[in-house]
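Peer 1: Here is my input; please provide its structure:
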Amino acid sequence: MKKKMVYLIILVIAVILGILLVWGFIGGNEAKSVGVTCDTGIGDSLCWKWHKNALGQFQEAIEDMADKSNG
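Peer 2: Numbering: from 1, shown residues only. Below is the predicted model of the structure:
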């Protein structure tokens, strides 16, 4: 019974680490975009929290205006 519990704990930890790693890669790809800044992470390769900076907000506003004028 103890062995199963240890394996379960190891499995849960491995799944959590895997999710964090995948989220970091997704954020890293987002942070490489122009107009996006990584807040929490390791460089631009692993990023867990990011936001649009002033350039990104400006680009989004231009795209919104273009969408409204087209349709």
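
Peer 1: List the pairing partners of the helix or strand where Thr40 lies within its sheet, with orientation.
Peer 2: Here Thr40 sits within strand 36-42, counting by DSSP states H and E. Partner strands for strand 36-42, per DSSP bridges, with pairing direction: strand 46-52 (antiparallel).

Peer 1: Name the surrounding residues that touch the strand holding Thr40.
Peer 2: 24, 27-28, 30-31, 44, 47-53, 56 (CB atoms under 8 Å, 6 or more residues apart in numbering). C-beta: built from backbone N, CA, C; applies to glycine.

Peer 1: Tell me the buried residues in the top helix by length along the chain?
Peer 2: Using DSSP state H, we find that the single longest helix of the chain is helix 2-31. Neighbour counts over helix 2-31 (16 or more other CB atoms under 10 Å) mark Gly24, Gly27, Gly28, Glu30, Ala31 as buried.

Peer 1: before we move on, what about stretch 41-56?
Peer 2: Taking 16+ other CB under 10 Å as the criterion, stretch 41-56 shows Gly41, Asp44, Leu46, Cys47, Trp48, Trp50, Gly56 as buried.

Peer 1: surely the last one meets Val34?
Peer 2: Yep, that's Gly56 we're talking about. Yes - here Gly56 reaches Val34: they are 7.5 Å apart, a contact under CB atoms under 8 Å.

Peer 1: now stretch 51-64: how far from the chain's centre is it?
Peer 2: Counting by CA atoms, centre = their mean, to the nearest Å, stretch 51-64 is centred 18 Å from the centre of its parent chain.

Peer 1: and it, C-alpha only, in PDB?
Peer 2: Coordinates of the C-alpha atoms in stretch 51-64 are reproduced here as PDB (Å, rounded to 0.1, in the frame of the first residue of the first chain):
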ATOM      1  CA  HIS A  51       1.500  40.700 -20.900                       C
ATOM      2  CA  LYS A  52       1.100  43.000 -23.900                       C
ATOM      3  CA  ASN A  53       3.400  46.000 -23.700                       C
ATOM      4  CA  ALA A  54       2.600  49.400 -25.100                       C
ATOM      5  CA  LEU A  55       3.500  48.400 -28.600                       C
ATOM      6  CA  GLY A  56       1.300  45.300 -28.400                       C
ATOM      7  CA  GLN A  57      -1.600  47.300 -27.200                       C
ATOM      8  CA  PHE A  58      -1.100  49.800 -30.000                       C
ATOM      9  CA  GLN A  59      -1.000  47.000 -32.600                       C
ATOM     10  CA  GLU A  60      -4.200  45.500 -31.100                       C
ATOM     11  CA  ALA A  61      -6.000  48.900 -31.300                       C
ATOM     12  CA  ILE A  62      -5.000  49.300 -35.000                       C
ATOM     13  CA  GLU A  63      -6.300  45.800 -35.700                       C
ATOM     14  CA  ASP A  64      -9.600  46.500 -33.900                       C
END
